[in-house]
Each structure stands twice: as structure tokens, then as C-alpha cells.
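Peer 1: Sequence and predicted model, in that order:
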Amino acid sequence: MKTQLVVLILLLAPLVVWADDLSPSTELTGGASATQASKQDSSLKAQLDAVANLLEQKDFTSAVRELKDLSRSYIGSADVWSLLGVASHKKGNFLGSMVAFEKSIKLNPDNRKTLSQQADLFLSMGDKQSARTNLDKLIKLCPNGCEQRDRIAAALNKF
């Protein structure tokens, strides 16, 4: 049953991401001034900090709701999608988590933190091979070692 769930999630996640790519973008156009962009970045950071507090309080439902709202306003933010992946995973929504991580990685393929968080998701789904694939990416990104690489390597050794 667990294997079937993993296969189903891995099959459906790209379809959900593809369907989302067909929807109209709500991302800001390039006409925004540098000052406006700076204010938006500051606003986003404050909102992500507030969501991080919700996660610390283990209020995963509120965190997911807030992050879904943010994802509509900041569709191109890898940080929003990555945090949505974490919150969805903690809430037990593996498909939602997978979709969010895929979007984040599509926007920023070299984000070590997102790759390690996605590897955690893979391990919780029993998908050691996909977690290993993420570890291989982390090895390339930080050949001399880094926290994310070392943590996933240790988790795979215990698996």
C-alpha cells in the first residue's frame, strides 16, 4: 500500500505542476520600480517570518492557508513554495508537499535546503531512491560537505 501511494504521488505531482503552469500568472510584471520591489521583498520576508512562527507553534493548517495565499501573490518565489512544501508535509499532505517542492526546485534548482526538505518527504513516503537522488544533487552542490548533505546522508544510512 505504501509503495502504491508513493507511485501515485510521483505520477500525479508533475500533472498538478503542469496544470498550474497553464493558469494565468499573477506575478508582477517588470514595470515595478526598484523601490517597489524592495518593499515587496521586505513585506514577503515579514510574512514568511510570521508563517515560520506558525510552524514553530505547530499550527500547520494556518501556515498552509497563509502560504497558499502568499503563493498567489508571489508565484515566482521559491521560498514561498519551499515553505509550503514543509508545512504541507508536516500537515500530512504528501501530494501538496510534493507539488510545492517541485515548484520551488523549478524556480531555484540549487536550493540545498529545499532539496534536503524534499528528501525528508521522500523518506517519510518510503522512497529511498528519490531521497538518494536528492543527496546526489547535494553532493554536487557542496562537495566539501554542508549541513543539508550530511543530514540526508545520515538519514539514508539509518533508513
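Peer 2: Here it is on my side, so go on. Numbering: from 1, shown residues only.
Peer 1: Going by C-alpha atoms from here, please, whenever you check contacts or count neighbours.
Peer 2: Noted.
Peer 1: Tell me which residue is most central in the chain.
Peer 2: For the chain, Ser82 is the residue whose C-alpha lies nearest the centre (C-alpha atoms, centre = their mean; 2.5 Å).
Peer 1: Can you name the element that comes right after the helix or strand encompassing that residue?
Peer 2: For Ser82, the host element (DSSP states H and E) is helix 78-91. Beyond helix 78-91 in the direction of the C-terminus, DSSP H and E gives the next helix or strand as helix 94-107.
Peer 1: and the angle for that next one with helix 78-91?
Peer 2: Angle of helix 94-107 versus helix 78-91, following axes from the mean of the first three to the mean of the last three C-alpha atoms, to 10 degrees, is 160 degrees.
Peer 1: mind listing what Gln117 touches?
Peer 2: Counting by C-alpha atoms under 8 Å, 6 or more residues apart in numbering, Gln117 makes contact with Val86.
Peer 1: average model confidence for the helix or strand hosting it?
Peer 2: Using DSSP H and E, Gln117 sits within helix 112-124. If you average the pLDDT over helix 112-124, you get 98.
Peer 1: hang on, the earlier thing: check which helices and strands the helix holding Ser82 is in contact with.
Peer 2: Applying 3 or more C-alpha pairs under 8 Å, 6 or more residues apart in numbering; DSSP states H and E, we find helix 78-91 packed against helix 60-73, helix 94-107, helix 112-124.
Peer 1: Nearest to Ser42 among these would be which one?
Peer 2: Of all these, it is helix 60-73 that lies closest to Ser42, at 13.5 Å by C-alpha to C-alpha.
Peer 1: and the closest one, which residues are buried?
Peer 2: Judged by neighbour count (16 or more other C-alpha atoms under 10 Å), helix 60-73 contains these buried residues: 60, 63-64, 66-68, 70-71, 73.
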